[in-house]
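> please find the sequence and the predicted model below.
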Amino acid sequence: MNFPHRISPAWSLSAALAACWLSFPAVAAERNDSSPRPVSAVGELGDIATFKPAHTGRWHFRGSLGVASSDYSRGAYDNEGEDLGQVVFGVGLSATAQLIDGATGPLHGLNLTFGTSNGIASGDHRPVMDDGHWYESNWYLGLSARLGENWLGAVTQSGFSSPIEDFEFTQETTLAAQYADGSALGQLSPQLKITKPVGEQDDGWLVAANIAPQMPLTQGRYSLTLSFPVEVGVGFDGYYGAERGTGRYLDAGVGASLPLKGMAGGVGNWNLNGQIGVLARSDEIRQADPAFSRDTLIPHASLTLNVAY
């Protein structure tokens, strides 16, 4: 996109923090609940996530610091290939305000999330990194709602920018729905997303579905939980490029999550999450990628430290 004024990564982070502080007094009243309940929030790509906060207030913050072997998004190359000679660092920060907590007719909860995520590469041997390592800085704003006991819905607006101008600023709108309860189907946490680019680069749209079944492996102070995330996606009408047909991808892996009790003096809920997986994509996606990143199968691995407060 060719905007006269680029939305910078510094603006994204500053706006996120300003939004938190300016609106804090309006929603910061404490509830009388004896223990925190799970809170739903949106992520950078419009996914719905549920996390356990560390307190019963209406404002909750999440942070993440991770390292990954590559950076691919929705099956496509996203500025860092599967080259083990360097790794990608990810830094994220978000704030979630619980606007409605409790049943109001069919609406059992409504949350507002604002966040930013950033990608930093470790090496400088590729031309795209010659001007710096901070290659990606994104922001997202979304509403997530609990509808009845078992359904979650969300709408998210995301903006993607590059501090080194590796790509033009783009935006997308994502609608998502998730079903979760105690049944066999609900424990898979099935989720459906529909994404549409907006603005000048508004070609195509994407439909993606994912599940993330979990299995507790150990109990006690260090309770390890395994997960088996699987996502399939289909991009229509030039989503992966104006001259490309329908692109398809499948991303499957195995993850492990370990709570870190006692971190930072007990402030916040901390956990360490590791994941390995394989991304498979169709020719329409592969051919849209740079010449050095056109493999059909992309192995990937990541390790992330998360905190929720």
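Arrived safely.

> how far does the longest strand that the chain contains sit from the chain's center?
Identified as the longest strand of the chain according to DSSP state E is strand 88-104. For strand 88-104, the separation from the chain centroid amounts to 11 Å (computed by C-alpha atoms, centre = their mean, to the nearest Å).

> partners of it in the sheet?
strand 59-68 (antiparallel), strand 107-121 (antiparallel) (DSSP bridges).

> which one of those lies closest to I48?
Closest to I48 of these, according to C-beta to C-beta: strand 107-121, at 10.1 Å. Every residue, glycine included, has its C-beta placed from N, CA and C.

> report the buried residues of the helix or strand just after the closest one.
The helix or strand immediately downstream of strand 107-121 is strand 134-147, counting by DSSP states H and E. For strand 134-147, the neighbour count (16 or more other C-beta atoms under 10 Å) marks 134-142, 144-146 as buried.

> how about the helices in this structure?
Secondary structure of the chain (DSSP state H): helices located at 9-27, 283-286.

> now the buried residues of strand 134-147 as TSV including pLDDT?
Formatted as TSV, the buried residues of strand 134-147 follow (pLDDT from 0 to 100):
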residue	pLDDT
W134	83
Y135	83
E136	89
S137	93
N138	95
W139	96
Y140	98
L141	98
G142	98
S144	97
A145	96
R146	93
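
> tabulate those residues in a markdown table, adding columns for distance to E172.
Below are the buried residues of strand 134-147 laid out as a markdown table (distance: C-beta to C-beta, whole Å):
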| residue | distance to E172 |
| --- | --- |
| W134 | 21 |
| Y135 | 19 |
| E136 | 14 |
| S137 | 15 |
| N138 | 10 |
| W139 | 12 |
| Y140 | 9 |
| L141 | 12 |
| G142 | 11 |
| S144 | 17 |
| A145 | 20 |
| R146 | 24 |
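
> excluding chain neighbours, what is closest to Y222?
L258 (6.3 Å; C-beta to C-beta, 6 or more residues apart in numbering).

> wait, that neighbour sits on N271?
Yes - contact criterion C-beta atoms under 8 Å: L258 and N271 qualify, at 6.3 Å.

> could you list the low-pLDDT ranges of this protein?
1-34, 79-86, 122-132, 264-266 (pLDDT under 70).

> kindly recompute the last result at 50.
1-32, 124-130 (pLDDT under 50).

> identify each buried residue in stretch 212-225, please.
For stretch 212-225, using 16+ other C-beta under 10 Å, the buried residues are 212, 225.

> list the contacts of that stretch.
Identification of contacts with stretch 212-225 by C-beta atoms under 8 Å, 6 or more residues apart in numbering yields 187-189, 226-230, 256-259, 261.

> ok so, going back, of all the buried residues of strand 134-147, which comes closest to G159?
W139 (5.0 Å).

> surely that closest one touches T170?
No - contact status for W139 versus T170: not in contact, 12.0 Å apart, counting by C-beta under 8 Å.

> what is in contact with the two at once?
Common neighbours of W139 and T170 (C-beta under 8 Å, 6+ apart) are G159.

> quick check: end-to-end length of stretch 232-250?
Terminal residues of stretch 232-250 lie 5 Å apart, using C-alpha to C-alpha, to the nearest Å.

> distance from it to the middle of the chain?
20 Å.
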